[in-house]
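Visitor: based on what follows, work out the 3D shape:
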Amino acid sequence: MPTIQTSHSRAPATEIYYESYGEGRPVVLVHGWPLSGRMWEGQIDALRHAGYRVITYDRRGFGQSGKTATGYDYDTFASDLKDLIEALGLEDVTVVGFSMGGGEVSRYAGLYGTQHLRSAMLVASVAPYLLKTADNPDGGLGEADVEGMVQQVAQNRPQFLAGFTKNFLNWDEHGAALGDEFLDFAASMYLQASPVATQECVRAFGMTDFRQDLAKLTVPTLVVHGDKDQIVPLEASGQRVPQYQPNAELHVMKGAPHGLNATHNDEFNTLLLDFVAR
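Guide: Model prediction:
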């Protein structure tokens with residue numbers, strides 16, 4: 001298996017599994033919770049056929065990467081992304097973060113700058129800050145919401161995530177086109193994850209503040225969000241990114257749910273390829 005070894009000073013070292021396809025300028029795809037790099041199948045094909053090198057990887061605790069006991073915080077995730085970029089010798093990279101993965105992209109810029117990056121996409125992303133606080137009243141989640149979600153995962157992970165996936169895809173509207181097999185495909189990813197990682201990452205994406213990180217994401221940035229996202233509502237996330245990174249461009253996909261790369265594959269891939277080509 002192709003892996004790289006992490007080197008974060010505080011978190012346990014582990015192996016990060018990645019896949020690389022094609023040649024050309026690199027595009028790194030960062031997956032969402034509670035999935036793995038396999039969620040990007042439709043985008044892998046589009047990018048490799050367009051002449052790019054496309055790289056996916058599994059976040060620690062998920063997919064085929066190492067399942068550490070601790071280390072499920074965004075400083076560690078950003079360090080893991082840095083290790084991947086450096087181990088593979090990537091330069092002039094477009095990095096695409098979906099949902100939770102938008103946090104990696106933001107925190108990476110906040111901690112390490114953008115010298116290896118060409119551009120960035122935040123797709124249905126958790127940035128800038130989901131937790132409702134006194135200075136962030138427009139966040140989408142209270143602490144009780146976050147802990148309630150953690151408890152549901154802990155009590156019956158398969159049952160909770162099966163329902164979560166349907167909301168992720170607005171299944172009543174898009175299920176017929178995707179087919180029940182797509183639910184099995186999603187389950188094959190989220191059941192491969194560590195139960196501990198699945199719980200701890202809820203706290204990570206629900207309670208981490210990326211506002212100062214976004215200020216350092218100074219490369220061309222495209223924010224893509226669906227206006228029917230039931231998981232990370234547009235108004236609490238993507239719509240607010242330009243407040244903290246004024247150069248970010250916001251594109252709202254009409255009628256799209258959280259999992260827009262699956263339900264609106266062709267439309268999303270057109271956006272992706274157009275942006276990567278800039």
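Visitor: quick one: which helix or strand includes the most centrally placed residue in the chain?
Guide: Nearest to the mean C-alpha position of the chain, by C-alpha atoms, centre = their mean, lies Gly101 at 2.2 Å. Applying DSSP states H and E as the criterion places Gly101 in helix 100-112.
Visitor: show me where the stretch 51-200 of the chain has helices.
Guide: For the stretch 51-200 of the chain, the helices defined by DSSP state H, counting those that start in this stretch occupy 74-87, 100-112, 143-155, 157-168, 171-178, 180-190, 195-207.
Visitor: and the first one, what's its mean pLDDT?
Guide: What that stands for is helix 74-87. Here the mean pLDDT over helix 74-87 is 98, rounded to a whole number.
Visitor: check what contacts that helix and list those residues.
Guide: Outside helix 74-87, the residues within contact range by C-beta atoms under 8 Å, 6 or more residues apart in numbering are 4-8, 10-11, 16, 18, 28, 30, 55, 57, 59-60, 90, 93, 95, 103-105, 107-108, 110-112, 116, 204, 208, 210. (C-beta placed from N, C-alpha, C; glycine too.)
Visitor: thinking again about what came up before, assess the claim that the residue nearest to the centre of the chain and Ser125 are in contact.
Guide: Yes. Taking contacts as C-beta atoms under 8 Å, Gly101 lies within contact range of Ser125: 7.4 Å.
Visitor: next, the buried residues of the helix holding Gly101.
Guide: 100-110, 112 (16 or more other C-beta atoms under 10 Å).
Visitor: okay if I get those as JSON lines plus distance to Gly66?
Guide: Compiled in JSON lines, the buried residues of helix 100-112 are given as follows (distance: C-beta to C-beta, whole Å):
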{"residue": "Met100", "distance to Gly66": "18"}
{"residue": "Gly101", "distance to Gly66": "18"}
{"residue": "Gly102", "distance to Gly66": "23"}
{"residue": "Gly103", "distance to Gly66": "20"}
{"residue": "Glu104", "distance to Gly66": "17"}
{"residue": "Val105", "distance to Gly66": "21"}
{"residue": "Ser106", "distance to Gly66": "23"}
{"residue": "Arg107", "distance to Gly66": "20"}
{"residue": "Tyr108", "distance to Gly66": "19"}
{"residue": "Ala109", "distance to Gly66": "25"}
{"residue": "Gly110", "distance to Gly66": "24"}
{"residue": "Tyr112", "distance to Gly66": "22"}
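Visitor: these: which two are farthest apart?
Guide: When the buried residues of helix 100-112 are compared pair by pair using C-beta to C-beta, the farthest-apart members prove to be Met100 and Tyr112, with a separation of 18.6 Å.
Visitor: tell me the contacts of the most far-flung residue of the chain relative to its centre?
Guide: Here the centre of the chain is the reference, and by C-alpha atoms, centre = their mean the most remote residue is Ala134, at 26.4 Å. When the contact criterion is C-beta under 8 Å, 6+ apart, Ala134 has no partners at all.
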